[in-house]
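Enquirer: sequence first, predicted coordinates after that:
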Amino acid sequence: MTQNEALEVLKTGANVFLTGEPGSGKTYLVNQYVAWLRGHGIAPAITASTGIAATHIGGMTIHSWSGIGIKTELTQQDLRRIKDNRRAAKRIINAHVLIIDEISMLSARTFAMVDAVCHSVRGSQKPFGELQVILVGDFFQLPPVVRRDDNEPGAQLGFGNELGNANAQFAYASPAWTTLDPTVCYLSEQHRQEDTVFLEILSAFRAGVLSESHVKHLSERRVQITPEHEGVTKLFPHNTDVHRLNERELAKLSGETHVFTMESRGNPKLVEQLKRGCLSPETLELKVGAKVMFTRNSIEGKFVNGTTGTVTGFEEHNSFPIVETRAGKRIVAEPADWSIEHELRILASITQVPLRLAWAITVHKSQGMSLDAAVIDLAQAFEYGQGYVAISRVRTLAGLYLLGLNDRALEVHPDILAKDAEFRTQSAEAMKKIHGMDVHEINRAQEKFIEDCGGNIEASNAPYTVVPSRQSTYAETLALAKSGKTVKEIAAVRTLTEGTVVSHLEKLRLRGELSSDDIVNLITGQEAVIKEIHVAMKFLGAGPMKPIFEHFEGRISYDLIRLARLLFDKNSQHKSQNP
């Protein structure tokens, strides 16, 4: 099924399982659909099965959204508690569309529990309380982490026996999946076109038909570590190997250590979720020469989650790391925001430089990344699909370097092989059904769905513009700054964090687009604190912010120090020109 065909299905309000090979455009299509919904005044509930996946898509975990938390079973008392929780109940009742990303890592039991919560809170016995449910993912990716008792009977509500045997860990084995009966949209287009031989190997992997020729191609990628591989990220199955290698390699580098501390705002529990899901650490230590990886996509398209490079220096003005990618591109890694939104409001956010040390990373954390190259040790692969996930992270066969490879690394779950054939058949049937409908019939179904959700038939703005260009977002911030609004007010109007707004202002100031008077207006009501920071800057300098932050013992935020520095630069320039 093509992306356009799948999008038409989504817009009718049908429950959908959206799947496809890596590079088929699942995430892109979800972004398109979310933009369409928002363009019609419908705010979807965006969730994921894990913290990392939730952080990537700007949503919350399905566990947090549904109120089940870390529970592995639900009682009637638990359901009453969730129903009585005003915040959780409001979130579930007000929803019309529920998106669950990385469905492969959600257990059948948890999936059934979410269904039970939606029934209870929404007062409807229809699947998921009559929400449109969009399940996104690829069951060839890593399976759920299931506790030993996850296939034993659950207390009172029957999450257990009905799920069958030990293979029932996957969400599709849940009775809730059967009653939901999602339309399968199996994306068939391939948007990674760099290496057709490699794509053929990955497809054979999925079909369980790796030939001698395919295995030979993989075997030819086995290497011994040489200086040539020093800058290539290494993937390991275990965390301990990753931490040990990254710490050891950083310690080898001489030169000053630059420390970047994560900032956070909003609901403490959601902030913790963001921190757990963010691939950038709370405290990021870097030196010149450090091998790093970007941990999110650039809205300018400069880098993607998984782009690797080397730190070549730090900006003099604000100490941000300068990274030279493997492709030779020079990028200043400015702080980025990760946030959880609900009904177009930011509930929690964190700000950090979007990098992590990248001499090594675990296979689990690599899920969802697209790497230029990777050194992979699969000699100790222990899970079905672990080899496929790791190998499919790289874009080309030439970027794959294997240290070891065991038999399990070449296997995918036998149940998944059988289920995948079923999904492909169901997708083909859905496609026939779409082609059998005329345009007017499809349009009527889509309009009815919008009306049922309380949306607007006429779309506002451009519904398919998922993310505006960086130039337009700076221009918007500039216009608001020149209108006399404070940083806090600009952040509220634009639904951005204050840290992002300050980053915009710094860039605008460097371009000469922000005047001295504009900057003064931005700090209305904080003049005394700014003066205090300027006094400290006279003694400690206005370059790196950490000494200033530590001088005030954390009492003054990095954002305010950055704003004060903009004015300090202006005052310094003024004095030098007028002795």
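Expert: Cool, got the structure. Residues are numbered from 1 along each chain as shown.

Enquirer: what about the stretch 51-200 of the chain, any weak spots by pLDDT?
Expert: 51-52, 55-58, 145-168, 191-194 (pLDDT under 70).

Enquirer: 50 - rerun?
Expert: Applying pLDDT under 50 to the stretch 51-200 of the chain flags residues 147-167.

Enquirer: tell me where it has strands.
Expert: Here the stretch 51-200 of the chain has its strands, by DSSP state E, counting those that start in this stretch, at 60-61, 97-101, 132-136, 183-187.

Enquirer: who touches the second one?
Expert: Among residues not part of strand 97-101, those counted as contacts by C-beta atoms under 8 Å, 6 or more residues apart in numbering are 30, 34, 37, 42, 44-49, 53-54, 56-57, 59, 62, 65, 106, 114, 118, 128, 131-137, 453. All C-beta atoms are positioned from the backbone trio N, CA, C, and that covers glycine.

Enquirer: that one vs strand 132-136, what angle?
Expert: Following axes from the mean of the first three to the mean of the last three C-alpha atoms, to 10 degrees, one obtains 10 degrees for the angle between strand 97-101 and strand 132-136.

Enquirer: doesn't S339 lie inside a helix?
Expert: No: counting by DSSP: H, G, I helix; E, B strand; the rest coil, S339 is not found in a helix; it is strand.

Enquirer: if we can go back for a sec, tell me which of the strands of the stretch 51-200 of the chain lies nearest to S557.
Expert: strand 60-61 (24.5 Å; C-beta to C-beta).

Enquirer: which other residues reach the closest one?
Expert: Outside strand 60-61, the residues within contact range by C-beta under 8 Å, 6+ apart are 46-51, 54, 270, 273, 277, 340, 342, 347.

Enquirer: can you rerun that using 7 Å?
Expert: Among residues not part of strand 60-61, those counted as contacts by C-beta atoms under 7 Å, 6 or more residues apart in numbering are T47, A48, T50, G51, A54, L270, Q273, I340.

Enquirer: distance from that strand to the middle of the chain?
Expert: Strand 60-61 has its C-alpha centroid displaced from the chain centroid by 11 Å (C-alpha atoms, centre = their mean, to the nearest Å).

Enquirer: who does the helix or strand hosting L505 touch, helix- and strand-wise?
Expert: Element membership for L505, per DSSP states H and E: helix 498-511. Based on contacts counted as 3 or more C-beta pairs under 7 Å, 6 or more residues apart in numbering; DSSP states H and E, the elements that helix 498-511 packs against are helix 470-482, helix 487-494, helix 558-577.

Enquirer: and if we set it to 10 Å?
Expert: With contacts defined as 3 or more C-beta pairs under 10 Å, 6 or more residues apart in numbering; DSSP states H and E, helix 498-511 has these neighbours: strand 263-266, strand 336-342, strand 345-352, helix 470-482, helix 487-494, helix 516-522, helix 558-577.

Enquirer: give the buried residues for that helix.
Expert: Taking 16 or more other C-beta atoms under 10 Å as the basis for neighbour counts, the residues of helix 498-511 that come out buried are E498, G499, T500, V501, V502, S503, H504, L505, E506, K507, L508, R509.

Enquirer: do stretch 266-286 as well
Expert: Of the residues in stretch 266-286, those scored as buried under the neighbour-count criterion (16+ other C-beta under 10 Å) are 266-267, 270-271, 273-275, 277-281, 284, 286.

Enquirer: just give me the least confident of those.
Expert: The pLDDT minimum for the buried residues of stretch 266-286 sits at G277, where the score is 77.

Enquirer: verify the stated contact: that one with T47.
Expert: No: the pair G277 and T47 does not pass the contact test of C-beta atoms under 10 Å, sitting 11.8 Å apart.

Enquirer: give the residues shared as contacts by those two.
Expert: Common neighbours of G277 and T47, counting by C-beta atoms under 10 Å, 6 or more residues apart in numbering, are A53, A54, I57, G59, M60, T61, I340.

Enquirer: tell me how many other residues surround the closest residue to the first one other than its chain neighbours.
Expert: Read that as A53. Once its chain neighbours are removed from consideration, A53 has its nearest residue in E102; the separation is 4.0 Å (C-beta to C-beta, 6 or more residues apart in numbering). By other C-beta atoms under 10 Å, 25 other residues sit near E102.

Enquirer: tell me how far E102 lies from K507.
Expert: As for E102, its distance to K507 is 34 Å (criterion: C-beta to C-beta, to the nearest Å).

Enquirer: same check, this time on T396
Expert: Going from T396 to K507 by C-beta to C-beta gives 34 Å.

Enquirer: one more: G277?
Expert: As it turns out, when the distance is counted by C-beta to C-beta, G277 lies 27 Å from K507.

Enquirer: now do K234
Expert: Per C-beta to C-beta, K234 is found 35 Å from K507.

Enquirer: convert the C-alpha atoms of stretch 509-520 to CSV, please.
Expert: This file holds the C-alpha atoms of stretch 509-520, laid out as CSV (Å, rounded to 0.1, in the frame of the first residue of the first chain):
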residue,chain,number,x,y,z
ARG,A,509,20.9,39.1,17.7
LEU,A,510,23.9,37.6,15.8
ARG,A,511,22.2,38.4,12.5
GLY,A,512,21.7,42.0,13.6
GLU,A,513,17.9,41.6,13.3
LEU,A,514,17.2,42.2,17.0
SER,A,515,17.9,45.8,18.3
SER,A,516,19.1,46.8,21.8
ASP,A,517,15.6,48.2,22.6
ASP,A,518,14.0,44.9,21.6
ILE,A,519,16.2,43.1,24.0
VAL,A,520,15.4,45.5,26.8
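
Enquirer: tell me how far it lies from the chain's centre.
Expert: For stretch 509-520, the distance from its own C-alpha centre to the chain's C-alpha centre is 33 Å (C-alpha atoms, centre = their mean).

Enquirer: could you do stretch 551-564 as well?
Expert: Relative to the chain's own centre, stretch 551-564 is displaced by 29 Å; criterion: C-alpha atoms, centre = their mean.

Enquirer: could you number the chain from 720 rather than 1 from now on?
Expert: Sure, I'll start numbering at 720, so the last one becomes stretch 1270-1283.

Enquirer: what's the end-to-end length of that stretch?
Expert: Across stretch 1270-1283, the terminal residues are separated by 15 Å (C-alpha to C-alpha, to the nearest Å).

Enquirer: can you check stretch 845-857 too?
Expert: Start-to-end span of stretch 845-857 (C-alpha to C-alpha) is 26 Å.

Enquirer: now it: buried residues?
Expert: P846, F847, G848, L850, Q851, V852, I853, L854, V855, G856, D857.

Enquirer: wouldn't the third one be in contact with R841 here?
Expert: Yes: in this structure G848 lies within contact range of R841 using C-beta under 10 Å: 3.0 Å.

Enquirer: which residues do those two both contact?
Expert: Contacts common to G848 and R841, judged by C-beta under 10 Å, 6+ apart, are I811, I812, A814.

Enquirer: top of these by neighbour count?
Expert: Ranked by neighbour count under the definition other C-beta under 10 Å, those are headed by I811 with 25 neighbours.

Enquirer: state the distance from that one to Q860.
Expert: When C-beta to C-beta is the yardstick, I811 and Q860 sit 27 Å from each other.

Enquirer: A1140 too?
Expert: 17 Å.

Enquirer: who's more crowded, these two?
Expert: A direct count of neighbours by other C-beta under 10 Å for A1140 and Q860 places Q860 higher, at 19 against 12.

Enquirer: enumerate every residue touching the residue nearest to that one when sequence neighbours are not counted.
Expert: Beyond its immediate neighbours in the sequence, the residue positioned closest to Q860 (C-beta to C-beta, 6+ apart) is S823, lying 4.7 Å away. Shown here is S823, whose contacts under the criterion C-beta under 10 Å, 6+ apart are 738, 768, 854-863, 889-891, 1086, 1104, 1108, 1132, 1135.

Enquirer: at 6 Å instead, please
Expert: The neighbours of S823, taking C-beta atoms under 6 Å, 6 or more residues apart in numbering as the test, are G856, F858, Q860.

Enquirer: S1089 now?
Expert: V1023, G1025 are the contacts of S1089 under C-beta under 6 Å, 6+ apart.
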